[in-house]
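Student: Return atomic coordinates for the entry below.
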Amino acid sequence: MRFNKETVNMKTILYAGIVGVVLLVIIIASFTSKGSKLEKKNIAFERKAEEHLYLGEYDKAIEEYTKINTNKEKDNKLLALKNIDIANAHFLKGDVENYKKYVQLTKDLKVQDEDIVNKIVFYEYINGDGSQALKDGEEALKANSKNKSLVKSMVAIYMANNKTDKVKELIKLYGVDKNSAYDIAEYSRLLMMSGDMKGGFTKLKEAWNLDKDEYKIYDVLAQESAYDLEKVISSIKELQKNDPNDIAYKVWLAKVYSLSPEKAKEGLQILEQLKSKNVGNIEIKLIEASILQNMNKHKESDRLINEVIQSNKDDYKALHTAGWFYLNKHDLEKAMEYCKRSIEQNKNYPDNYAFLMPEILKSMDKASLAKTYFMTALEKEPYNYNILENAASFYWDADEIYIRL
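Tutor: Below you'll find the model as predicted:
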């Protein structure tokens, strides 16, 4: 091959271009790597802070949150989240002055992230500053009425202020995920709480048709029954008049009957009618186990619960059930293990935080550690009066009521 000036120049240009591209890739990779390392460190700090919160170690949690590096962020979202988390830690600690300071620091950043906006309003509400929560919440709704977490917080705030008409208007804004049986079931609960039992059961039926084993459906039935058992029974029976053979209504009645020892036999009779019917695989067994337990047939009940646990080892619902199972057996270490595993599988399921974990901690003589769990549960469902009542009664027993509404 003959070399000439043009060939050399072309090769030089080509070589320089390749080197430039390689260097650019290295530089980008270097920045990405640094960013990735920083992000991993921040995540580690956040996780450690959460661990301390649930252990009641609020100063250590604040220390970990403070380590989160926000200097490289182009916007203030991470700083706002850091501030509001520190505010929460101060609130749980009982340091109202610093709680208010960090809430204000968060507000001053004017970040419109849905999660942060809701946290501000929720913390103001739960800290007893109802008028400010109402003001900030209404302003936030004007800016973004599709913020579902905010809608739920505002439902609670309107309920606390006896604004029932506002509650009904607000529930209409709740953007239901039609592909999620859980979300539809939660929406049905909101409707029931607003007094629309018929509409609530209509939505509950939609959820059931989508997933017959969705835990949230049965949580709605159980929690509404805890408030007014006979009203729930009469509502379901009213629905049965129009469609006596609808198996959904039969399953629901069996569930409600399973909650009461006096109605256990009626529940068992219904289950006999449902054999070979398409009623799901998990919840129907748990209903039967509960009925058998109320009839003092503990061996049969334990067999069914064990069957559900063994067949659904990675399902948060089965893990939650296992937590209750071992708690009732007074095996507290296993109860704690299964509750934590259930939380890992689904961090958004409030019953782990509001009911199961507090009972485990109480049995361990660690009732004071339930505070953060209740706070988490209320943040997820601030309107849920079953959670509020459990927290209030729990801390009445422990002589430590912390919720100020």
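Student: mind listing the helices for the stretch 1-150 of the chain?
Tutor: Ranges of helices in the stretch 1-150 of the chain, per DSSP state H, counting those that start in this stretch, are 5-54, 58-67, 77-93, 96-108, 114-126, 130-143, 148-160.
Student: Make TSV out of those and add mean neighbour count and distance to residue 172.
Tutor: Just so you know, the C-beta spots here come from the backbone N, C-alpha and C atoms, and that holds for glycine as well. Formatted as TSV, the helices of the stretch 1-150 of the chain follow (neighbours: other CB atoms under 10 Å; distance: least, CB to CB, whole Å):
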stretch	mean neighbour count	distance to residue 172
helix 5-54	12	35
helix 58-67	18	37
helix 77-93	22	28
helix 96-108	17	28
helix 114-126	22	19
helix 130-143	16	12
helix 148-160	23	10
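Student: Low-confidence ranges, the stretch 51-200 of the chain, go.
Tutor: Low-confidence segments of the stretch 51-200 of the chain, defined by pLDDT under 70, span residues 72-73.
Student: before we move on, the earlier item: out of the helices of the stretch 1-150 of the chain, which comes closest to residue 274?
Tutor: Among those, helix 148-160 comes nearest to residue 274, with 33.7 Å by CB to CB.
Student: Now do the buried residues in stretch 362-376.
Tutor: Neighbour counts over stretch 362-376 (16 or more other CB atoms under 10 Å) mark 362, 367, 369-376 as buried.
Student: If you could redo that for stretch 275-295, that was the one I meant.
Tutor: Using 16+ other CB under 10 Å as the test for burial, stretch 275-295 gives 279-280, 282-294.
Student: now swap in stretch 213-230 and tell me
Tutor: Along stretch 213-230, these residues count as buried under the neighbour rule (16+ other CB under 10 Å): 213-225.
Student: Same question for stretch 331-341.
Tutor: Buried positions in stretch 331-341, judged by neighbour count with 16+ other CB under 10 Å: 332, 335-341.
Student: with those in mind, which one is nearest to residue 43?
Tutor: Distances from residue 43 to those, taken as CB to CB, are shortest for residue 340 (18.9 Å).
Student: For the closest one, give me its contacts.
Tutor: Applying CB atoms under 8 Å, 6 or more residues apart in numbering to residue 340 gives no contacts.
Student: From residue 216, how far out is the residue sitting nearest the centre point of the chain?
Tutor: Nearest to the centroid of the C-alpha atoms of the chain, with distances taken as CA atoms, centre = their mean, sits residue 348, at 2.8 Å. Distance, residue 348 to residue 216, using CB to CB, to the nearest Å: 11 Å.
Student: Next: residue 269.
Tutor: Using CB to CB, one gets 26 Å for the distance from residue 269 to residue 216.
Student: ditto for residue 164
Tutor: 24 Å.
Student: got it, and residue 80?
Tutor: 31 Å.
Student: quick one: residue 352 and residue 339 touch, right?
Tutor: Yes - between residue 352 and residue 339 there is a contact at 5.8 Å, judged by CB atoms under 8 Å.
Student: and for these two, which residues touch both?
Tutor: Both residue 352 and residue 339 are contacted by 320, 323, under the criterion CB under 8 Å, 6+ apart.
Student: Is it correct that residue 381 is in contact with residue 387?
Tutor: Yes - Residue 381 is within contact range of residue 387, at 6.1 Å (criterion: CB under 8 Å).
Student: anything in contact with each of those two?
Tutor: By CB under 8 Å, 6+ apart, residue 381 and residue 387 have these common neighbours: 350, 354.
Student: can you count the residues close to the closest residue to residue 145 other than its chain neighbours?
Tutor: Distances taken as CB to CB, 6 or more residues apart in numbering put residue 173 closest to residue 145, at 5.0 Å, once the chain neighbours are dropped. Close neighbours of residue 173, defined as other CB atoms under 10 Å, add up to 15.
Student: And for the one 3 residues further on?
Tutor: With neighbours defined by other CB under 10 Å, the count for residue 176 comes to 16.
Student: quick one: contacts for it?
Tutor: Shown in contact with residue 176 (CB under 8 Å, 6+ apart): 183-184, 187, 203.
Student: Next up, phi/psi of it, please.
Tutor: Dihedral angles of residue 176 (phi, psi; degrees, to the nearest 10) stand at phi -70, psi 130.
Student: Look up how far residue 348 lies from it.
Tutor: With distances taken as CB to CB, residue 176 is found 16 Å from residue 348.
Student: what's the answer for residue 40, then?
Tutor: For residue 40, the distance to residue 348 equals 23 Å [CB to CB].
Student: do the same with residue 296
Tutor: Plainly put, residue 296 is 36 Å away from residue 348 if you go by CB to CB.
Student: same check, this time on residue 140
Tutor: For residue 140, the distance to residue 348 (CB to CB) stands at 21 Å.
Student: How about residue 155?
Tutor: Remark: distance between residue 155 and residue 348 (CB to CB) = 17 Å.
Student: Can you lay out the buried residues of stretch 362-376 as a markdown table showing secondary structure?
Tutor: Shown next, in a markdown table, are the buried residues of stretch 362-376 (DSSP: H, G, I helix; E, B strand; the rest coil):
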| residue | secondary structure |
| --- | --- |
| 362 | helix |
| 367 | helix |
| 369 | helix |
| 370 | helix |
| 371 | helix |
| 372 | helix |
| 373 | helix |
| 374 | helix |
| 375 | helix |
| 376 | helix |
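Student: Relative to residue 49, which of those residues is nearest.
Tutor: Of all the buried residues of stretch 362-376, residue 49 sits closest to residue 372, with 11.2 Å by CB to CB.
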